[in-house]
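Trainee: predicted structure and sequence below. I'll ask about it afterward.
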Amino acid sequence: MFIAASLAILITMGLALVRALAGPTTYDRIAAVNMFGTKTVLLIAVLAFLSGRTDLLDIALVYALINFIGVIAALKLVTQGDFHSSDNSGNTTQKGEAE
């Protein structure tokens, strides 16, 4: 049963890679990469259960957090064009610079 689940996860990971490479828009590609990361977490959890190593679940949780932060950063880069502007006025000058 767990082997079938692992194979299904691997197949959907392959489909996510195809979507990431052939996606027509950037948002499709980001969603596919997010899905690939989620499937990786699931695969690590299944392997942790099969091997009886519960420490792999901690690795899966850390990977899930890194995947989430990476997707948020990629979406911010795509929508705003940079990482450092935090104000909504569009003013990107630094303190101390003449405007």
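Mentor: On my side now, so go ahead. Residues are numbered from 1 along each chain as shown.

Trainee: what helix or strand does the closest residue in space to residue 61 that isn't next to it in sequence sit in?
Mentor: Counting by C-beta to C-beta, 6 or more residues apart in numbering, residue 41 is the residue found nearest to residue 61 once chain neighbours are left out, at 7.9 Å. Placement of C-beta: from N, CA and C, glycine included. Residue 41 belongs to helix 26-51 when elements are defined using DSSP states H and E.

Trainee: chain center to that helix, what's the gap?
Mentor: Relative to the centre of its chain, helix 26-51 is centred 8 Å away, using C-alpha atoms, centre = their mean, to the nearest Å.

Trainee: beyond it, next helix or strand please.
Mentor: helix 55-80.

Trainee: list the buried residues for that following helix?
Mentor: Applying a neighbour-count criterion of 16 or more other C-beta atoms under 10 Å, one finds 56, 60, 64, 67, 71, 74 buried in helix 55-80.

Trainee: export those to CSV and tack on distance to residue 37?
Mentor: As requested, those are arranged in CSV below (distance: C-beta to C-beta, whole Å):
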residue, distance to residue 37
56, 16
60, 11
64, 7
67, 3
71, 8
74, 11
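
Trainee: quick one: which of the residues you listed is nearest to residue 2?
Mentor: Residue 2 has its nearest neighbour among the buried residues of helix 55-80 in residue 56, at 14.0 Å by C-beta to C-beta.

Trainee: which residues are contacting stretch 11-18?
Mentor: Here stretch 11-18 makes contact (C-beta atoms under 8 Å, 6 or more residues apart in numbering) with 32-33, 35-36, 39-40, 43.

Trainee: distance of the closest residue to residue 60 other than its chain neighbours relative to residue 54?
Mentor: Distances taken as C-beta to C-beta, 6+ apart place residue 44 nearest to residue 60, at 4.1 Å, with adjacent residues excluded. Between residue 44 and residue 54 the distance is 12 Å, computed by C-beta to C-beta, to the nearest Å.

Trainee: ditto for residue 68
Mentor: Distance from residue 68 to residue 54, counting by C-beta to C-beta: 22 Å.
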